[in-house]
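A.B. asks: from the sequence below, what's the structure:
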Amino acid sequence: MNKFFALAFVFGSLAAAQAQFTVGDLVVLRDGTGSAALSSAGTALFLDEYATTGGSLLYSVAIPTSGSTALVNSGSAASEGALNLSANGQELVFAGYNTNAGFASIANSPSATVARGVGTVDASGNYTLAATTSSSFSANNIRSGTSDGNGNYWAAGANSGVVYLGSGTPAAVSTTSANNRVLQDIGGNLYFSSGSGTHGIYSISGAPTTTGNTANNIVNTGSASSPYDFAFNSAGNLLYIADSDAFTNSTTIGGVEKWQFNGTAWVFQYSLSLGTNGAVGLAVDFSGANPVIYATSASGQSLFDIVDTGSSSTGTLLDSAGANEAFRGLDFAPTPAPEPGTLALIGCGVTAIITFRRLKKFRA
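C.D. replies: Here you go, the predicted model:
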């Protein structure tokens, strides 16, 4: 029996040791190494893990800045660097430029020269350059990526609409709104924000891989707004939107917006203050009685949390970016891919012991 428990313990320990991120923690996409001023040149990316309580920096993944899998952002482009979980929650997904750090005026480069790409990082901290395009988002920003977690990827940016980057030729699945910001796959449907045309949140039914799909504006935030990241609750009737415009008062769009679905339409409730800052990155914990909102400032300098107890709630500073660094998107840490259950692990131990005993008996 001692051997049995020892083997079961070893199998369980190996499975647990695979994860680097802690489920429930925050992950922030950071631009810059701190050694040189941020500019329009290609800039190194890091995914930094923070504790949700106290904001302690716990772990960091450096994305390659050279070679065939390199992915960088423009250091001065605040609209880039969105970070989102894949639909199955097992990957952090982000977009960038598939070239070496230091490439000058990178957003202005033709995509035929500098491919645009989508990268992922899993719960073990493993990075993959998942998909690239040498035709879409040419001479402009690529801003965000998303995935269903099953090998399909989509991207959004300053032109080209929403583009599928799975197998085969990239396809602009919808050009209803061409200039877009943050893209997510939520429950098998695509959603994105736009500050061009009709400002707000759009939806595309399903997760299409071919052209000709209509994007519907479901939340019109108004022409004075500047929406970026967003988060729905599981019931689909509560929505928070990061707005890069600074907060002025709770009845005016800016900071972090709260919207409620009344059964017919989305209705603005109030804005939450991050002091004088607007917001671009957003993640919301809906599990408690009062949603807890995490946001990165539009300036790129601050990480905040807000407990939404009403319109007078204000943000608390968790951390500040270092010199020559900027915080961009954020989300919660990914969950590990399903591991064998406890019974399966025990079964492995039992099998090993039985095999050992049979061999011992045979040899006797």
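
A.B. asks: make it CA atoms for all contacts and neighbour counts henceforth
C.D. replies: Noted.

A.B. asks: ok, now which ones touch residue 170?
C.D. replies: Applying C-alpha atoms under 8 Å, 6 or more residues apart in numbering, we find residue 170 in contact with 133, 136, 163, 164.

A.B. asks: right, I mislabeled it, should have said residue 227
C.D. replies: 193, 194, 195, 199, 200, 201, 221, 241, 242, 243, 244, 280.

A.B. asks: any idea how far residue 314 is from the second one?
C.D. replies: Residue 194 sits 25 Å away from residue 314, taking C-alpha to C-alpha, to the nearest Å as the criterion.

A.B. asks: kindly provide the distance from residue 321 to residue 314.
C.D. replies: Counting by C-alpha to C-alpha, the gap from residue 321 to residue 314 is 20 Å.

A.B. asks: just name the closest of the contacts of residue 227 to residue 159, please.
C.D. replies: Ranked by distance to residue 159 (C-alpha to C-alpha), these are led by residue 194 at 11.3 Å.

A.B. asks: over to the closest one: give its phi and psi.
C.D. replies: Residue 194 adopts backbone torsions of phi -150, psi 140, taken as degrees, to the nearest 10.

A.B. asks: am I right that it is in contact with residue 201?
C.D. replies: Yes - counting by C-alpha atoms under 8 Å, residue 201 is a contact partner of residue 194 at 6.6 Å.

A.B. asks: run through the strands of the stretch 1-150 of the chain in chain order.
C.D. replies: Secondary structure of the stretch 1-150 of the chain by DSSP state E, counting those that start in this stretch: the strands cover 26-31, 42-43, 45-50, 57-62, 73-74, 84-85, 91-97, 116-122, 127-133, 142-147.

A.B. asks: pull the contacting residues for the most centrally placed residue in the chain.
C.D. replies: Centroid check for the chain by C-alpha atoms, centre = their mean gives residue 84 as the closest residue, at 1.6 Å. Applying C-alpha under 8 Å, 6+ apart, we find residue 84 in contact with 92, 93, 94, 145, 146, 184, 329, 330, 331.

A.B. asks: quick one: which of these is most hemmed in?
C.D. replies: residue 145 (35 neighbours; other C-alpha atoms under 10 Å).

A.B. asks: low pLDDT regions in the stretch 1-150 of the chain?
C.D. replies: 1-18 (pLDDT under 70).

A.B. asks: please redo it, this time with the cut-off set to 50
C.D. replies: Within the stretch 1-150 of the chain, the ranges that satisfy pLDDT under 50 run 1-17.

A.B. asks: quick check: beta-bridge partners of the residue nearest to the centre of the chain?
C.D. replies: Going by DSSP bridges, residue 84 is paired in beta bridges with residue 93.

A.B. asks: where along the stretch 201-350 of the chain do the helices fall?
C.D. replies: Using DSSP state H, counting those that start in this stretch, the helices of the stretch 201-350 of the chain run over 342-363.

A.B. asks: can you pull out the strands in it?
C.D. replies: For the stretch 201-350 of the chain, the strands defined by DSSP E, counting those that start in this stretch cover 216-220, 227-232, 238-243, 255-261, 266-272, 279-285, 292-297, 302-307, 316-320, 326-332.

A.B. asks: I'd like the mean pLDDT over the last one, please.
C.D. replies: With pLDDT averaged residue by residue, strand 326-332 scores 98.

A.B. asks: for that strand, packing partners?
C.D. replies: strand 26-31, strand 84-85, strand 279-285, strand 292-297 (3 or more C-alpha pairs under 8 Å, 6 or more residues apart in numbering; DSSP states H and E).

A.B. asks: what does the first one contact?
C.D. replies: For strand 26-31, contacts defined as C-alpha under 8 Å, 6+ apart pick out 43-52, 73, 75, 81-83, 325-333.

A.B. asks: redo that, cut-off 7 Å
C.D. replies: Here strand 26-31 makes contact (C-alpha atoms under 7 Å, 6 or more residues apart in numbering) with 43-52, 75, 81, 83, 325-333.

A.B. asks: and stretch 309-322, by the same measure?
C.D. replies: In contact with stretch 309-322 (C-alpha under 7 Å, 6+ apart) are residues 34, 54-55, 250, 270-274, 290, 301-307, 327.

A.B. asks: in that stretch, what counts as buried?
C.D. replies: 314, 315, 316, 317, 318, 319, 320, 321 (16 or more other C-alpha atoms under 10 Å).

A.B. asks: quick check: end-to-end length of it?
C.D. replies: For stretch 309-322, the end-to-end distance is 31 Å (C-alpha to C-alpha).

A.B. asks: tell me what the residue lying closest to residue 220 once chain neighbours are set aside is bridged to.
C.D. replies: Leaving aside its chain neighbours, residue 220 sits nearest to residue 200 (4.8 Å; criterion: C-alpha to C-alpha, 6 or more residues apart in numbering). Per DSSP bridges, the residues bridged to residue 200 are residue 194, residue 220.

A.B. asks: for residue 200, what are its contacts?
C.D. replies: 193, 194, 217, 219, 220, 221, 227.

A.B. asks: neighbour-wise, which one of the residues you listed leads?
C.D. replies: residue 227 leads the contacts of residue 200 on contacts (other C-alpha under 10 Å) with 32 neighbours.

A.B. asks: now the contacts of residue 227 as JSON lines including pLDDT and distance to residue 178?
C.D. replies: Converted to JSON lines, those look like this (pLDDT from 0 to 100; distance: C-alpha to C-alpha, whole Å):
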{"residue": "193", "pLDDT": "98", "distance to residue 178": "11"}
{"residue": "194", "pLDDT": "98", "distance to residue 178": "9"}
{"residue": "195", "pLDDT": "96", "distance to residue 178": "11"}
{"residue": "199", "pLDDT": "97", "distance to residue 178": "12"}
{"residue": "200", "pLDDT": "98", "distance to residue 178": "13"}
{"residue": "201", "pLDDT": "98", "distance to residue 178": "13"}
{"residue": "221", "pLDDT": "97", "distance to residue 178": "17"}
{"residue": "241", "pLDDT": "98", "distance to residue 178": "20"}
{"residue": "242", "pLDDT": "98", "distance to residue 178": "20"}
{"residue": "243", "pLDDT": "97", "distance to residue 178": "19"}
{"residue": "244", "pLDDT": "96", "distance to residue 178": "20"}
{"residue": "280", "pLDDT": "98", "distance to residue 178": "19"}
